[in-house]
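J.: Have a look at this prediction, sequence included:
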Amino acid sequence: MTKAILALAVLVMAGVVVVLARGMGTIGKSDIENSRLSNRMMRWRIGLQFLAVALIVLVTWLAVPK
């Protein structure tokens, strides 16, 4: 169970990197549509980062012997 959650956490972290790169790629462009896309990507990044941290905490909590 812990390994599956850890694998999911790694996938979510990879998603954070992809969304971050896409958002950073649209930041420098002056078009209004690119600004909206950049803001949307940054909001997705924040959500994915929250999910990644929550999964890492869950893996840590499950891995600690009781």
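T.: Received, thanks.
J.: same question for the helix or strand harbouring Ala21, mean pLDDT?
T.: Applying DSSP states H and E as the criterion places Ala21 in helix 2-27. Taken as a whole, helix 2-27 has an average pLDDT of 90.
J.: could we number from 316 for the rest of this?
T.: Right, with 316 as the first residue, what we last looked at is helix 317-342.
J.: any idea which helix or strand comes after it?
T.: Later in the chain than helix 317-342, the nearest helix or strand by DSSP H and E is helix 347-378.
J.: Return the distance of that next one from the chain's centre.
T.: From the chain centre to the centre of helix 347-378 is a distance of 3 Å (Cα atoms, centre = their mean, to the nearest Å).
J.: try stretch 374-381
T.: How far stretch 374-381 lies from its chain's middle: 23 Å, per Cα atoms, centre = their mean.
J.: then that stretch to PDB, C-alphas only?
T.: The C-alpha trace of stretch 374-381 is given here as PDB (Å, rounded to 0.1, in the frame of the first residue of the first chain):
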ATOM      1  CA  VAL A 374       3.400   7.700   3.100                       C
ATOM      2  CA  THR A 375       5.500   8.900   6.000                       C
ATOM      3  CA  TRP A 376       2.700   8.300   8.500                       C
ATOM      4  CA  LEU A 377       2.000   4.800   7.100                       C
ATOM      5  CA  ALA A 378       5.800   3.900   7.100                       C
ATOM      6  CA  VAL A 379       6.400   4.700  10.700                       C
ATOM      7  CA  PRO A 380       6.200   1.600  12.900                       C
ATOM      8  CA  LYS A 381       3.500   1.700  15.500                       C
END
